[in-house]
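*Asks:* build the 3D model from these lines:
(4 chains)
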There are 4 protein chains.
Amino acid sequence: MYFSTAVSEVVEGEVNLRGYALSDLMRNVTYTEGAFLSITGRLPSAAESRLVDAVLTSLLDHGFVASTITSARYIASGNPQFIPAVAGGILAAGGNTLSPEHSYQLLERAQELRDGGTLEDGAERIVDEFVAAKKRLPGFGHPIHKSSDFRADILFELAHELGLAGESIQLFQAIHAAFVRKTGRTGIPINIDGALAAVGSDLGWSANQTVAFAVLSVLPGLMAHVVEEIDQNRPLRYIQDGEYVGQPMTHRAPALNTASIGA
Amino acid sequence: MYFSTAVSEVVEGEVNLRGYALSDLMRNVTYTEGAFLSITGRLPSAAESRLVDAVLTSLLDHGFVASTITSARYIASGNPQFIPAVAGGILAAGGNTLSPEHSYQLLERAQELRDGGTLEDGAERIVDEFVAAKKRLPGFGHPIHKSSDFRADILFELAHELGLAGESIQLFQAIHAAFVRKTGRTGIPINIDGALAAVGSDLGWSANQTVAFAVLSVLPGLMAHVVEEIDQNRPLRYIQDGEYVGQPMTHRAPALNTASIGA
Amino acid sequence: MYFSTAVSEVVEGEVNLRGYALSDLMRNVTYTEGAFLSITGRLPSAAESRLVDAVLTSLLDHGFVASTITSARYIASGNPQFIPAVAGGILAAGGNTLSPEHSYQLLERAQELRDGGTLEDGAERIVDEFVAAKKRLPGFGHPIHKSSDFRADILFELAHELGLAGESIQLFQAIHAAFVRKTGRTGIPINIDGALAAVGSDLGWSANQTVAFAVLSVLPGLMAHVVEEIDQNRPLRYIQDGEYVGQPMTHRAPALNTASIGA
Amino acid sequence: MYFSTAVSEVVEGEVNLRGYALSDLMRNVTYTEGAFLSITGRLPSAAESRLVDAVLTSLLDHGFVASTITSARYIASGNPQFIPAVAGGILAAGGNTLSPEHSYQLLERAQELRDGGTLEDGAERIVDEFVAAKKRLPGFGHPIHKSSDFRADILFELAHELGLAGESIQLFQAIHAAFVRKTGRTGIPINIDGALAAVGSDLGWSANQTVAFAVLSVLPGLMAHVVEEIDQNRPLRYIQDGEYVGQPMTHRAPALNTASIGA
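*Replies:* Numbers count the residues shown, from 1 in each chain, chains lettered A, B, ... in the order given. Next up is the predicted model:
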């Protein structure tokens, strides 16, 4: 066999999803539980399910501040179809937004640097490493939510309440404390990407699994904006506050030798 | 203002989503409720929430039979990154799969043809119209689930149990009955796309809103397959059962006149 | 065999492309000729090659006025990678921009309505049909180039010079003349989409083949803008001239019953 | 101004592209020249233009062996539309295929390790570094073209003939020689990705600019396959040689407490 999978098998009249009959799941689980099963391979506990609902609603919408949404609206303005705009909006998730995988890697690197020491040792060392390299720490700071990112705060609070806060949340907070201590900068809180990475790691998710839940979280808002853009039916929006800073139009192309071409 | 939206507004420390504070939603609603609010503009009732959970789990996975999943796995095999593969998989949703909008348009056209008559009149007329034009009816038939599509059956059953079955489900079933009566073909059941259109319409959703929920439903499985493909790390899968049926390699390109080019 | 193709076959040390050895093509044809061969199945004549170069440069760039480019720049601002931004930019080609297929269908419908009559008959009838249905004619008008679209003018001029102007160009111009005559509106010239459809049709291309050349034409500019956006390295651009016109944030979510959940 | 660009400016009746009037370019340059101007900011010489035509035809098609093409065909099979399939196919370009940027980075790293020494020093050191880390060298090897990649050979040969072979080609060949010397493995030639990186670097292109030309090169073949897939009209291809290796369908979901829900 060329492909193999442990995710699912389709047979006539049923789908086996991770060992469960899909007909059983449709009747007895919520989407949050079903998504958890699909992506991680097991059903969540009631407490996990509650925390994941908070994860999955944390990015429900971020309006015109979200690159995913702005990209999708420009796409829908040119091509007023639902599917391409939604797919195109997802493509805006990466280095500068909606990328908990970078915060996840920060946690992994801090664990490496910790090297048998305390969490605080790991935190100190990774802040030193980033400060020395003059690199921005992923998972910190937000253009609008400057004093604290309420979405991160709520996720951490719920993880504690539900008994699901583990070492990764502790470590991420230690990194933030070390950062404030060493740099004196207080307007750069842990942001939602950082919180998602820490919570995801404490739930046992891999980096890609964490991104999966983050993408599910943004989609309803993204989809609502795409539906709205298509319904507004304003064709061909363009960037109106753009400036040309290139060469003046004074160059001339050398003429083609086309003597022999033509009728 | 160049853009306007009724979906959301970001302010420092909060997001207003359809009139609700996101911090409130994170603490008090499930993803299913939050997605319903984002996409339709209001929170669902408990019964609606249960039905929508069934909608959102109906397509949780369809394995190697789903074009979305196979496309995404081929993309991840060339480019082992999560985001592009997920976006690319979504692009496979259209005319031949995962397109409840076509079944939705069937319902709208049947209502038009009904023209004051009974649902059965509408059903008869639309089947006649499609049969005369030799066109396939959208929302009917499946390559694997031949006698009946269990996902469609469960959605209809739950809609009835929860008191949410309305005229669209009735009409879709009437169209199916008219189809069987007129053509004698019994192995072509109402499929999940057809059921989603009927249930979505009875929930008050537009065609694009219905597609939105269908796409959310396939994503966890699609994501699970992408994670698995990346983890399997099998570079560059290719199509091994392909055949070339074109010209033999006997043509010659006319030589370029490049005498004057070069060092 | 599950797949079959008349496009190409890979063997060890060579690729057969439409009957030509790729090694031969690399040495002896231009990209324009190779693209023509790939997409249409034959090499172009010298005159066709010149006209196709004009087609392929007609959309080389349209700056901030192109939805493809603005979409791609927003995507690259969130996810500063080349491939996703280019793919996402292409997704903006559709109903409202870069869609010569709609003008192509206009030509096909006009030929149908002509029904044995003159080109002028076809032109008159299709304008009547669109005016009666209050629909916008595809291939007409531009937000910036109002008196005439210079790109369309040059394509028509070159097609004539090279002896490649056929019935489709004539018909498209007849439709425009009928439109001006019947509506008196003179600021709505044939635009580049309309010209591409007419020229493509006269070159023997199908609608999708015409779109293929249109997409190739926009790509270098799109790519240049993506490279520039990544190099500018301005993270997370967002829409700054947006307005919220929805519900005030006065709603409250009903509290979840979570008594039994947690540690 | 929120956006700035040195690429282009649209004015009524003209586009300024990198200092040239688009109307001038349409009449006097080939696509290859226009693409070079758009992406790099200057027109190529005649010799450069010939070499770039070879670059742009080197990947014109790679049939069912190309992940880009297989992905696009699966997408078109589900969603038979041109634009989404082409965009989705491009998304398959990455780590395992069509990624000259990784070979480009190899060259940059070898220059760094060279550190004032000869090209051979740089070559020796980078091979040692990769061999020690047990990492695969990018730009080497191909599943089908095992003794040599004819496309790479032709590009190098033309670069020499045209006087455009520089230090990067020399360095890439030195790395290959060091690799063969140190590992004794002879069936792993420089592949087309490696050649594109070396030729692109010698032409003065950045890594992203090199990828831009590589993507333009694959597009005509990709587009031809998409057109063919749509024309073949075989709905919903699926993976037929897949195997399920997961859990048996013996699990049961805990029943939802839905006593209070419903009519």
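
*Asks:* how about the contacts made by A:Lys146?
*Replies:* A:Gly187, A:Pro189, B:Glu12 (Cβ atoms under 8 Å, 6 or more residues apart in numbering or on different chains). Placement of C-beta: from N, CA and C, glycine included.

*Asks:* skipping adjacent residues, who's closest to the first one in space?
*Replies:* In other words, A:Gly187. Once flanking residues are discounted, A:Gly187 sits nearest to A:Lys146: 5.1 Å by Cβ to Cβ, 6 or more residues apart in numbering or on different chains.

*Asks:* output the below-cut-off pLDDT ranges for chain A.
*Replies:* For chain A, the stretches with pLDDT under 70 are A:257-263.

*Asks:* can we see that at 90?
*Replies:* A:1-2, A:11-12, A:61-66, A:142-147, A:186, A:233-242, A:255-263 (pLDDT under 90).

*Asks:* okay, helices next: where are they in it?
*Replies:* A:22-28, A:31-40, A:46-58, A:67-78, A:82-90, A:100-114, A:119-132, A:150-161, A:167-183, A:192-202, A:207-232 (DSSP state H).

*Asks:* can I get these in TSV with mean neighbour count?
*Replies:* Compiled in TSV, those are given as follows (neighbours: other Cβ atoms under 10 Å in any protein chain shown):
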stretch	mean neighbour count
helix A:22-28	21
helix A:31-40	26
helix A:46-58	24
helix A:67-78	30
helix A:82-90	29
helix A:100-114	20
helix A:119-132	18
helix A:150-161	20
helix A:167-183	19
helix A:192-202	28
helix A:207-232	24
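
*Asks:* for C:Val52, which of those helices is the nearest?
*Replies:* helix A:67-78 (24.3 Å; Cβ to Cβ).

*Asks:* that closest one vs helix C:82-90, what angle?
*Replies:* 40 degrees (axes from the mean of the first three to the mean of the last three Cα atoms, to 10 degrees).

*Asks:* so helix A:67-78 versus helix A:207-232, what angle?
*Replies:* Using the same axes, to 10 degrees, helix A:67-78 lies at 40 degrees relative to helix A:207-232.

*Asks:* I'd like to know which of the contacts of A:Lys146 are buried.
*Replies:* A:Pro189 (16 or more other Cβ atoms under 10 Å in any protein chain shown).

*Asks:* wait, which of the contacts of A:Lys146 is closest to chain C?
*Replies:* Nearest to chain C, judged by Cβ to the nearest Cβ, of the contacts of A:Lys146 is B:Glu12 at 13.4 Å.

*Asks:* how near is the residue nearest to the spatial centre of chain A to D:Gln247?
*Replies:* Most central in chain A under Cα atoms, centre = their mean is A:Leu98, positioned 3.0 Å from the mean C-alpha point. According to Cβ to Cβ, to the nearest Å, A:Leu98 and D:Gln247 sit 32 Å apart.

*Asks:* can you check A:Ser103 too?
*Replies:* 31 Å.

*Asks:* over to A:Ile39?
*Replies:* 15 Å.

*Asks:* so what's A:Glu120 up against?
*Replies:* Counting by Cβ under 8 Å, 6+ apart, A:Glu120 has contacts A:Ala174, A:Ala178.

*Asks:* so A:Leu203 makes contact with A:Ser168?
*Replies:* No - assessed by Cβ atoms under 8 Å, A:Leu203 is found out of contact with A:Ser168, at 9.1 Å.

*Asks:* from the chain's centre, how far out does stretch A:221-230 sit?
*Replies:* In terms of Cα atoms, centre = their mean, to the nearest Å, the centre of stretch A:221-230 is set 19 Å apart from its chain centre.

*Asks:* between the contacts of A:Lys146, which is closest to D:Phe64?
*Replies:* Once Cβ to Cβ is applied, the member of the contacts of A:Lys146 that ends up nearest D:Phe64 is A:Pro189, at 50.7 Å.

*Asks:* the closest one - nearest residue in space that isn't next to it in sequence?
*Replies:* A:Ser148 (4.4 Å).

*Asks:* what values do phi and psi take at the one you found?
*Replies:* phi -160, psi 150 (degrees, to the nearest 10).

*Asks:* count of residues packed around it?
*Replies:* 14 (other Cβ atoms under 10 Å in any protein chain shown).

*Asks:* and the gap between it and chain C?
*Replies:* Here A:Ser148 is placed at a distance of 19 Å from chain C (Cβ to the nearest Cβ, to the nearest Å).

*Asks:* same check, this time on A:Ile83
*Replies:* Taking Cβ to the nearest Cβ, one finds A:Ile83 at 9 Å from chain C.

*Asks:* so what's that residue up against?
*Replies:* So A:Ile83 contacts B:Ile90, B:Leu91, B:Ala93, B:Gly94, B:Val211, B:Val215, D:Asn79, D:Pro84 (Cβ under 8 Å, 6+ apart).

*Asks:* wait, isn't the last one in contact with C:Leu91?
*Replies:* Yes - D:Pro84 is within contact range of C:Leu91, at 6.9 Å (criterion: Cβ under 8 Å).

*Asks:* list residues touching both of these two?
*Replies:* A:Pro84, A:Ala87.

*Asks:* what residues does the stretch 51-200 of chain A put near chain B?
*Replies:* Proximity of the stretch 51-200 of chain A to chain B, by Cβ under 8 Å from any Cβ of the partner chain, involves residues A:52-54, A:56-58, A:60-65, A:73, A:82-84, A:86-88, A:90-91, A:93-94, A:101, A:144-148, A:150-151, A:154-155, A:158.
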